[in-house]
Structure formats: structure tokens, C-alpha cells
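Undergrad: I would like to see how this sequence folds:
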Amino acid sequence: MQKDPVCNMNVDEKKAAATSEYKGKKYYFCAKICKEKFDRDPEKYLSKTSKN
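TA: Numbers count the residues shown, from 1 in each chain. Next up, the predicted model:
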């Protein structure tokens, strides 16, 4: 299981609605809208998750 970096939902890698690659790492999303938000400003979501 991976965490959706936008909404923090657990996502099964095999059933992810969408994926994105950023700086050599693959990210998994529960919905296409989360992927779209991430793709617009990945650093916004990555800085949020790294603070946890």
C-alpha cells in the first residue's frame, strides 16, 4: 500500500486510479483529480507529507 500524497488515502499499487513520476519516484493516486492536483504543484504536496 502507498499513500496518495494529495489526500493521504491508502492506495493499492495494483488498483491505483492514476500514477505519476516525479524526481525518479512513482506516486499512486486514489483518483485522477488527485493526480491532476499533484502534477500542477508536486512540491506543495511533498512538503506537506514530509512534515508528518
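
Undergrad: what are the phi and psi values for residue 27?
TA: Main-chain torsions, residue 27, degrees, to the nearest 10: phi -120, psi 150.

Undergrad: Hmm, it is touching residue 5, no?
TA: Yes: using CB atoms under 8 Å, residue 27 makes contact with residue 5 at a distance of 5.6 Å. All C-beta atoms are positioned from the backbone trio N, CA, C, and that covers glycine.

Undergrad: residues bridging contact with those two, i.e. touching both?
TA: Both residue 27 and residue 5 are contacted by residue 38, under the criterion CB atoms under 8 Å, 6 or more residues apart in numbering.

Undergrad: does the residue lying closest to residue 2 once chain neighbours are set aside sit in a helix, a strand or a coil?
TA: Distances taken as CB to CB, 6 or more residues apart in numbering put residue 28 closest to residue 2, at 4.3 Å, once the chain neighbours are dropped. The three-state label given to residue 28 by DSSP: H, G, I helix; E, B strand; the rest coil is strand.

Undergrad: Quick check: beta-bridge partners of residue 28?
TA: residue 19 (DSSP bridges).

Undergrad: in the helix or strand containing residue 43, what's buried?
TA: Assigned by DSSP states H and E, residue 43 belongs to helix 42-50. For helix 42-50, burial by neighbour count (16 or more other CB atoms under 10 Å) applies to 42, 45-46.

Undergrad: Closest one of the residues you listed to residue 20?
TA: Residue 20 has its nearest neighbour among the buried residues of helix 42-50 in residue 42, at 7.7 Å by CB to CB.

Undergrad: now this protein, which segments are flagged as low pLDDT?
TA: 49-52 (pLDDT under 70).
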